[in-house]
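Enquirer: sequence and computational prediction follow.
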Amino acid sequence: MIKIQSLSKNYGDFTAAEDISFEVQAGEIFGLLGPNGAGKSTTINCISGLLKPTVGEVFINNHSVMGEPIQAKTSLGLVPQDLAIYEDLNALENLNFWGQAYGLSGAELQQRITEVLQQVGLESRAKDLVSTYSGGMKRRLNFACAILHKPQALLLDEPTVGVDPQSREHLLNAVEALKTQGTAVLYTTHYMEEAERLCDRLAIVDHGKIIAQGTVDELRSQLGEKDLITLQGDFSLTDEAVIAEFELIEWQDNSIRFMAENAAAQLSDILARFEADQVKQTAVQQANLESLFIKLTGRELRD
Amino acid sequence: MARSKMSFTVASLRIKRVIRERWGLISWLAIPMIIVFLMSLLAGTGSGKLTGRLLVTDLDDSMVSQFITGGFAQGPLAEIFTTKQVSLDEGKRLMDAGEASAWITIDNGFGEAFLSNEPTDLKLVKNPAQRILPQLVETSMQLLVDAATYIQIVFEKEFNVLKPMLEQQKFNDADLVALTLGIKQQIENLEETIFPPQLKVVEKAVEEVVEDGDGIPLTFGLLMFPGAIFMALIFAGNSLAIAIWDDAKNGVIPRLSAAPSGLNDYFNGQVFGAVAIFTLIVSVLGVLGAWYFALPWAKMPVVILWLVFSGLVIYLLFVTLALMMPSMKVANIIVNATTFPLLMLGGSFFPMESMPDWLAAIGNFLPNGFLLTGLKDWLIRGEGMVVAMTVPLVLGLAMLLVLWLFDRQLIKKLIHKV
């Protein structure tokens, strides 16, 4: 349904996206996971036709976004990272506007408006001006505007940023419902727990490149059974040899990260290798996408 | 069909947002009316009647000079001008302060030169900040000078008798009677030519104000009225052009460019919305103006169409400027910086008739200037529609087409600026 082939986007010497390729099938949620500035939004903007790729092709429902933009965009829904709604109109007026932008009209449009308002839990506030909504309600309306026309492919660019837990739950449920209806969903986020919950497959992006791709289980397996241990303190005078038998991820003067099997059991032994009061803080993370990202990049997702 | 419907939806939302916001609309309507009222007050009276102050320095103080100055203190001119006798210093001070419309100086010896049929001068200083009133003074002076020339020719013999009497200040009854009879005889001779018996003299009250065109009283308020509607259109056009940047900043335009209907429908919708808003503004102000200034109602449809067309040209000009700018902040600065010269030079704050010729000429090169002039020439000065409006219409249509095509391209680039 969504097919990206060798997509690159350059701004002069700066490469925002490099050789990105993946496919999203109908009824599948594909996650793009990466920190801010990794190239997720650039990729989304190229797919939606907002940006012209420097190299590569994007197909939506077998229509090239560059070659047959109207046909491709008809099958596409976009939930942009920033709100894209009129705050001085009410929800009904916004939905009417966006429905028409996607070619809906008449009774069909009115029926879809009723359905999506129910879906995102805004039916009781439909006639209120959007400017009176909470941030989470605005996000839900932003989402509703993108699914009015029942798109076969949906792009969600960090839809839960700054959203309260109730609205987040509404949105995640709605995305899961779309998946069951056969929509191909491309979901970008830097919240690894969202990616783990929603995504059938995902790609981890950093500095514009895909550095890992697969199902959540496949990606976890890259870590094996190892946990991620993070120690913080003063290690400027300490020799790296103290943890030589572990898989070192990062050694800095004020923090070190390494992988260890059954970390909880070994932790007291590990700490004993350092001088008293040298370690100020200790963290043990079980194998997950966050620790995989740290292993792959040496950085945290929220950096 | 679906695409045109989308444009009308965009237009209706724009109208709805303008009406809901309401203070913007109120200010577009109220500010021009307030400015016309204040400017009319400053120019004379609230009713727009022309009044001015005429300074006279009579250094000659002769019978002849008093005849000249007396001309401004009588009849219809007395309704328009307040005449003030001043010294040279006071006259200069008042003119420098712009506190008078014109200043006439009659030099010493003027009366003697007149009676001797010798060349002499009258000095007139006009206030450059005013146009109509000083022009009235100048025209009246020319009429008086012409009249005096004819008097010189007709009563030459009598003046030759009168002159030594005045010089010597000696008057004998016999000479005075002979002089009086001579003048009476001349007047009776002239009456047959000047007042032929077949003509019936009908007395008619002189209008207080100058008339022009179709007999519409030409007042300062009337001269300002079409410009004031342009002012409302310029204010509205400014805000509506910047509103496109708002839509880009709030993410609507980028998101729309990912929708199949695209940005052309959106832009056309904005244009339709602007037309509807201009029609509302023009209708309200036009009807008020037509009622107040007693303009012919039959002309109102053309007036409204012309003003809406003009508003659209100005709006697209603002949109072009706004969309060419790299950010909303710069767009705001540039559009506002353009608004005020358009208002000042284009005849909205001051009627072009009250501007110096060179400034009015510049104003006529501005789109609002030539469109306003075309309207006033037809509506107020009574020129034919074809003569007055063809050139501005062609220029306006050309601008409209070019700007519309240009803006459709510019709006697509807007998504990369936000």
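Expert: All right, it came through fine.

Enquirer: which residues sit in contact with the closest residue to chain A within chain B?
Expert: Across chain B, no residue is closer to chain A than B:Gly251, which sits at 3.1 Å (CB to the nearest CB). Yep, even glycine has a C-beta here, placed from its N, CA and C like the rest. For B:Gly251, the contact set (CB atoms under 8 Å, 6 or more residues apart in numbering or on different chains) comprises A:80, A:82-85, B:418.

Enquirer: between those, which sits nearest B:Thr180?
Expert: Proximity of the contacts of B:Gly251 to B:Thr180, judged by CB to CB, is greatest for B:Val418, which lies at 91.0 Å.

Enquirer: residues touching the nearest residue to A:Lys127 once chain neighbours are set aside, list them.
Expert: Leaving out its chain neighbours, the residue that sits closest to A:Lys127 by CB to CB, 6 or more residues apart in numbering or on different chains is A:Asn90, at 5.2 Å. By CB under 8 Å, 6+ apart, the contact set of A:Asn90 is A:126-130.

Enquirer: same deal with A:Phe97?
Expert: A:86, A:89, B:9-10, B:13.

Enquirer: return the distance of it relative to A:Asn90.
Expert: A:Phe97 sits at a distance of 11 Å from A:Asn90 (criterion: CB to CB, to the nearest Å).

Enquirer: tell me, how many residues neighbour the closest residue to A:His170 other than its chain neighbours?
Expert: Setting aside the residues directly before and after it, A:His170 is nearest to A:Gly121 in space (CB to CB, 6+ apart), at 5.3 Å. A count of nearby residues for A:Gly121, using other CB atoms under 10 Å in any protein chain shown, gives 18.

Enquirer: now B:Pro260, what's its secondary structure?
Expert: coil (DSSP: H, G, I helix; E, B strand; the rest coil).

Enquirer: tell me the pLDDT at it?
Expert: B:Pro260 is assigned a pLDDT of 86 by the prediction.

Enquirer: with the one 4 residues further on instead?
Expert: The pLDDT attached to B:Asn264 in the predicted structure is 89.

Enquirer: near chain A, which residues of chain B? Just list them.
Expert: Proximity of chain B to chain A, by CB under 8 Å from any CB of the partner chain, involves residues B:2, B:5-6, B:9-10, B:13, B:16-17, B:20-21, B:250-252, B:254-262, B:415.

Enquirer: most neighbours out of the contacts of A:Phe97, which is it?
Expert: Neighbour counts for the contacts of A:Phe97, by other CB under 10 Å, peak at B:Val10, which reaches 26 neighbours.

Enquirer: so which strand or helix has that one?
Expert: In the assignment (DSSP states H and E), B:Val10 maps to helix B:2-21.

Enquirer: mean confidence for the next helix or strand after that helix?
Expert: Next helix or strand after helix B:2-21 toward the C-terminus (DSSP H and E): helix B:23-43. Across helix B:23-43, the average pLDDT comes to 82.

Enquirer: cool, and stretch A:73-88?
Expert: On average, stretch A:73-88 scores 91.

Enquirer: and A:Glu225, how far is that from chain B?
Expert: 43 Å (CB to the nearest CB, to the nearest Å).

Enquirer: picking up where we left off before, now do the residue nearest to A:His170, the pLDDT please.
Expert: Model confidence at A:Gly121, given as pLDDT, is 89.

Enquirer: report the secondary structure state of it.
Expert: Of the three states, A:Gly121 takes coil under three-state DSSP.

Enquirer: wait, B:Gln85 sits on B:Asp58?
Expert: Yes: if you go by CB atoms under 8 Å, B:Gln85 and B:Asp58 touch, sitting 6.8 Å apart.

Enquirer: neighbour count: the two, which is higher?
Expert: Legend: neighbour count by other CB under 10 Å for B:Gln85 and B:Asp58, higher for B:Asp58 (19 against 11).

Enquirer: so how many other residues sit close to B:Phe159?
Expert: Residues contacting B:Phe159 under the criterion other CB under 10 Å number 18.

Enquirer: so A:Lys9 sits in a strand?
Expert: Yes: assessed by three-state DSSP, A:Lys9 belongs to a strand.

Enquirer: kindly format the C-alpha coordinates of the lengthiest strand in chain B as PDB.
Expert: Assignment by DSSP state E gives strand B:52-58 as the longest strand of chain B. Only the C-alpha atoms of strand B:52-58 are listed here, as PDB (Å, rounded to 0.1, in the frame of the first residue of the first chain):
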ATOM      1  CA  GLY B  52     -11.800  79.300   3.800                       C
ATOM      2  CA  ARG B  53     -10.000  82.300   5.100                       C
ATOM      3  CA  LEU B  54      -8.800  85.000   2.700                       C
ATOM      4  CA  LEU B  55      -6.200  87.500   3.900                       C
ATOM      5  CA  VAL B  56      -6.100  91.000   2.200                       C
ATOM      6  CA  THR B  57      -3.300  93.500   2.600                       C
ATOM      7  CA  ASP B  58      -4.500  96.700   1.000                       C
END
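
Enquirer: for the helix or strand just after that strand, name the packing helices and strands.
Expert: Counting by DSSP H and E, the next helix or strand C-terminal to strand B:52-58 is helix B:63-72. Packing contacts for helix B:63-72, counted by 3 or more CB pairs under 8 Å, 6 or more residues apart in numbering or on different chains; DSSP states H and E, involve strand B:52-58, strand B:81-85, strand B:102-106, helix B:110-115, helix B:132-154.

Enquirer: pull up the overlap in contacts between B:Gln85 and B:Asp58.
Expert: Shared contacts of B:Gln85 and B:Asp58, defined by CB under 8 Å, 6+ apart, are found at B:Thr69.

Enquirer: how about the strands in the chain?
Expert: Looking at chain A here, since you left the chain open. Ranges of strands within chain A are A:2-11, A:14-24, A:29-33, A:55-60, A:63-64, A:76-79, A:153-157, A:184-189, A:201-206, A:209-215, A:226-233, A:247-251, A:255-261, A:279-285, based on DSSP E.

Enquirer: um, chain B though
Expert: Applying DSSP E to chain B gives strands spanning B:52-58, B:81-85, B:102-106, B:122-126, B:211-212, B:216-217.

Enquirer: buried deepest among those strands, which one?
Expert: Scoring these by mean neighbour count under mean count of other CB atoms under 10 Å in any protein chain shown gives strand B:102-106 as the most buried, with a mean of 23.

Enquirer: that older thread, by mean pLDDT, show me the worst of the strands of chain B.
Expert: strand B:211-212 (a mean of 52).

Enquirer: re earlier: distance to A:Val163 added to the strands of chain A, as a markdown table?
Expert: Shown next, in a markdown table, are the strands of chain A (distance: least, CB to CB, whole Å):
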| stretch | distance to A:Val163 |
| --- | --- |
| strand A:2-11 | 24 |
| strand A:14-24 | 23 |
| strand A:29-33 | 17 |
| strand A:55-60 | 27 |
| strand A:63-64 | 32 |
| strand A:76-79 | 12 |
| strand A:153-157 | 12 |
| strand A:184-189 | 11 |
| strand A:201-206 | 20 |
| strand A:209-215 | 26 |
| strand A:226-233 | 27 |
| strand A:247-251 | 31 |
| strand A:255-261 | 30 |
| strand A:279-285 | 24 |
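
Enquirer: so which of those strands is nearest B:Lys376?
Expert: When these are compared by CB to CB, strand A:76-79 sits nearest B:Lys376, at 50.6 Å.

Enquirer: listing partners with orientation, what would you give for that closest one?
Expert: With DSSP bridges as the test, strand A:76-79 is paired with strand A:153-157 (parallel).

Enquirer: contact partners for whatever residue of the stretch 51-200 of chain A ends up closest to chain B?
Expert: Chain B sits closest to A:Ala84 of the stretch 51-200 of chain A, with a gap of 3.1 Å, by CB to the nearest CB. Shown in contact with A:Ala84 (CB under 8 Å, 6+ apart): A:142, A:145, B:250-252, B:254-255.
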